[in-house]
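**Student:** Take this sequence and fold it.
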Amino acid sequence: MKKFVLTVVTCALCSTSGLAQAPLAPVPPPMNIPAPGPQTNRPYAPQPILPGGIVMTLFPPGSPYLKADKVNIPEIYNMDRTVQGRINSIVSIHNPSIEVHFAPASVNTGTAVILAAGGGHNTLNVGSESADFVPWFYNHGVTTIILRNRLRRDGYDPKTDEVYDAQQAIRLVRAHAREWNIDPAKIGIMGFSAGAELAAPAAIAFDDFDRKNNAQSDPLAGISSRPDFVGIIYPGPSPFTRGAKPPIPRNTPPAFIVCAGWGDKVHAVWADEYFSAMLNAGVPNVEMHIYARGHHPGDRVGEGEPVSTGGLMDRGFIAYGTWPDRMVDWMKDLGFFNKPGVVTQATKDIDAFVKAASAGTAQSPPRPETAPRN
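**Tutor:** Below you'll find the model as predicted:
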């Protein structure tokens, strides 16, 4: 009588009996993907791009700052092709707005930062240069406000319309500071690339904007558009480009400036223009970091070169990728991470500078021919 041996082969895809398992259930599609609102015969209602966002338009219906024939046109979202549900950028912005995300009460510093994304005035990169910063600033006790400003591609002037959006955003946040648990003396704006072309003028042109918008019919009349600090991140042209010499108020806020150098020369030059103007004017607490290696977001780079990304994204473990930590150091140093209501070192230094200037005791920078030599 013959003996038979049964061999059972098992594998990760088979049952112990050798029979195929039932197929896995299909993966469901992404849920709650953000989408623009519909077009109606009323001004477009911007939708939040992140959960929990409070969205407020900058100007009331009928404002002369808005184009009546375009204000009802919906925004257009450019979605990430590989990460479903993520918004990379927005265009067709005709009813500009802010989206507010609060800091946790347990660690709230009272500081708020308005984020002005870049995109060459052709698109607004709200993914890497706005949305990504919401959880990052949340962990530092900072309220984050995403600015959706109008764009040149849609027929608006970056030097007026877009800057006005940034200045109005500062006023609007300050108007709601108490109910949002924000310290009205700790409101800053941080601009990336083209967005820095909004932050830099906002730092020096606040008096003019406030004078033009002081009518009794304006609900924000009397509320200052002056930011308490500015971040100028791999900036576009500064207000001082091509030898321009706009006035620099004595109470110009402190600035944190960052850019790559050799790999992003033109933006580094614009960064240096702003830094030099502030330095020569004696504005307190202006800090700049120009990194040896790095490129401008969106630039094509060769093999072995640092990663060309924006915002908080990894840059291939080079020093340039640590700039957000340097900004945190700067903000801590100037008192923006203290409790709400505590006067910041930034405010003390500016007040002293203004007082000294009024008394005629402020020290002016040495002229080139008399500057001390090492």
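**Student:** Can you classify F256 as helix, strand or coil?
**Tutor:** strand (DSSP: H, G, I helix; E, B strand; the rest coil).
**Student:** Might one say that it is in contact with E287?
**Tutor:** Yes - the pair formed by F256 and E287 meets the contact definition of CB atoms under 8 Å, at 5.4 Å. C-beta coordinates here come from the backbone N, C-alpha and C atoms, glycine included.
**Student:** Show me the helices in this structure, by range?
**Tutor:** In the chain, the helices defined using DSSP state H lie at 133-138, 163-175, 196-204, 206-212, 265-281, 323-333, 345-359.
**Student:** Buried deepest among the ones you listed, which one?
**Tutor:** Comparing these by mean neighbour count (mean count of other CB atoms under 10 Å), helix 196-204 comes out on top with a mean of 27.
**Student:** Let me see the ranges of the strands in the stretch 101-250 of the chain.
**Tutor:** Along the stretch 101-250 of the chain, the segments classed as strands by DSSP state E, counting those that start in this stretch run 112-116, 143-148, 187-192, 229-233.
**Student:** Please render these as JSON lines that adds mean pLDDT, distance to T123 and mean neighbour count to the earlier fields.
**Tutor:** Below are these laid out as JSON lines (pLDDT from 0 to 100; distance: least, CB to CB, whole Å; neighbours: other CB atoms under 10 Å):
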{"stretch": "strand 112-116", "mean pLDDT": "98", "distance to T123": "13", "mean neighbour count": "29"}
{"stretch": "strand 143-148", "mean pLDDT": "98", "distance to T123": "12", "mean neighbour count": "27"}
{"stretch": "strand 187-192", "mean pLDDT": "98", "distance to T123": "12", "mean neighbour count": "28"}
{"stretch": "strand 229-233", "mean pLDDT": "98", "distance to T123": "17", "mean neighbour count": "27"}
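**Student:** mind checking how far the spatially most central residue of the chain is from W270?
**Tutor:** Taking CA atoms, centre = their mean, the centroid of the chain lies closest to L115, which sits 2.4 Å from it. To W270, L115 is 19 Å away according to CB to CB, to the nearest Å.
**Student:** And G360, by the same measure?
**Tutor:** Applying CB to CB to G360 and W270 gives a distance of 33 Å.
**Student:** Any idea how many residues pack against R81?
**Tutor:** The number of residues packed near R81 is 8, by other CB atoms under 10 Å.
**Student:** what does P104 give?
**Tutor:** Residues lying near P104 (other CB under 10 Å) number 10.
**Student:** That one and F137 touch, don't they?
**Tutor:** No - P104 lies out of contact with F137 (CB under 8 Å); the separation is 10.9 Å.
**Student:** got the contact list for the closest residue to I145 other than its chain neighbours?
**Tutor:** Spatial nearest neighbour of I145, excluding adjacent residues (CB to CB, 6 or more residues apart in numbering): I114 at 4.5 Å. Listed by CB atoms under 8 Å, 6 or more residues apart in numbering, the contact set of I114 reads 98, 145, 147, 166, 169-170, 173, 187-190, 227.
**Student:** what does T143 give?
**Tutor:** 100-103, 108, 111-113, 137, 180-182 are the contacts of T143 under CB under 8 Å, 6+ apart.
**Student:** again, but for R178
**Tutor:** P184.
**Student:** Please report the distance of it from P340.
**Tutor:** For R178, the distance to P340 (CB to CB) stands at 10 Å.
**Student:** ok, now A202?
**Tutor:** To P340, A202 is 23 Å away according to CB to CB.
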